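Novice: Quick one, structure for this:
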Amino acid sequence: MLEKEQTAPLADQAYELIRDEIILGRLKPGEVVSETTLEERYQIARAAVRSAIAQLIGERLIKAVGKKSRIIAPLTVGDIHDIFLLRRELEPLAARLAAGNVSEELLRVLDEACRRAYEPGNKKGELAFLDANRRFHLAIGRASGSPRLTQMLEHLHNEASRILYLGFRNTNRSKDWTHGHENLLEALVRPSPEEAERIALQLLDKSYEDVMRAVITNPKFKDAQLA
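Specialist: As a prediction, this is how the structure comes out:
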């Protein structure tokens, strides 16, 4: 059932709930879903489920198969490579453009994101950490001054959250990520565009290593249709 703040529109609550279930692997890659099954599983109104499915198809977390069938999007090693390839091109660029353009209000958002932590197995904490990491990078995208770049990063991070979860769900990586984010924040504020670009790329490469190590060493990921 929905546990989101009731002030949000029902469709938004449904979207966030189903998205989180996909990220956490409770809705497994390749699993068949429908408006009926999701309505019954989460006790959500059919119209809200329909809206959520449409949005998640657009974000490539649910895949349309034929006219009516829907499945949770498979997650392959090829997907991981592709998403990180695009992030390596776009996020360092966003960091370089954002350096010196960070407002005081944005600094508070970034600082909060940098200080997030979680304990492996604590689903609420894990989701909060993922959300903070996502907001951190999207805030940099907005500070770049390029709406198109920000939009592309937003779509990538909706897919990347599920992948990042593979990399840290069995190990607490919050201290490592916090340290890296603080270094990036310092370069953005100084400002040092080249340094911000370098650190952003360094963070991405470390994240990619963590994810791939998890994929290779953990047999549980076979169930995620990683191949």
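
Novice: list the helices and strands the strand or helix carrying Ala52 packs on?
Specialist: With secondary structure defined by DSSP states H and E, Ala52 is part of helix 46-58. Secondary-structure packing of helix 46-58 (3 or more CB pairs under 8 Å, 6 or more residues apart in numbering; DSSP states H and E): helix 10-23, helix 35-42, strand 62-65. (C-beta placed from N, C-alpha, C; glycine too.)

Novice: among these, which is the most enclosed?
Specialist: The densest packing among these, expressed as mean neighbour count by mean count of other CB atoms under 10 Å, is seen in helix 10-23 with a mean of 21.

Novice: Now do it against helix 46-58, angle only.
Specialist: Our comparison of helix 10-23 with helix 46-58, counting by axes from the mean of the first three to the mean of the last three CA atoms, to 10 degrees, yields an angle of 50 degrees.

Novice: Now do helix 10-23 and helix 35-42, the angle between them.
Specialist: Using the same axes, to 10 degrees, the direction of helix 10-23 lies 80 degrees away from that of helix 35-42.

Novice: Name the next helix or strand downstream of helix 10-23, please.
Specialist: strand 32-33.

Novice: Neighbouring strands of that next one in the sheet, and parallel or not?
Specialist: When pairing is defined by DSSP bridges, strand 32-33 lines up against strand 69-72 (antiparallel).

Novice: And the contacts of the strand it pairs with?
Specialist: Contacts with strand 69-72, where a contact means CB atoms under 8 Å, 6 or more residues apart in numbering, come from 22, 27-34, 53, 57, 61-65.

Novice: just those now: which is nearest Asn158?
Specialist: The nearest member of those to Asn158, counting by CB to CB, is Leu61 at 6.8 Å.

Novice: tell me the average confidence for stretch 193-201?
Specialist: In this model, stretch 193-201 has an average pLDDT of 96.

Novice: Report the buried residues of that stretch.
Specialist: When burial is assessed from 16 or more other CB atoms under 10 Å, stretch 193-201 yields the following buried residues: Pro193, Glu195, Ala196, Glu197, Arg198, Ile199, Ala200, Leu201.

Novice: Off-centre distance for that stretch?
Specialist: Relative to its chain's centre, stretch 193-201 lies at 21 Å (CA atoms, centre = their mean, to the nearest Å).

Novice: Following the chain past the one helix or strand in the chain whose mean pLDDT sits lowest, name the next helix or strand.
Specialist: Within the chain, no helix or strand scores below helix 104-114, which has a mean of 69 by mean pLDDT, DSSP states H and E. In the C-terminal direction, the helix or strand that comes right after helix 104-114 (DSSP H and E) is helix 123-143.

Novice: Now do that next one: which elements does it pack against?
Specialist: Counting contacts by 3+ CB pairs under 8 Å, 6+ apart, helix 123-143 packs against helix 10-23, helix 77-98, helix 104-114, helix 147-168, helix 174-189.

Novice: Noted, bye for now.
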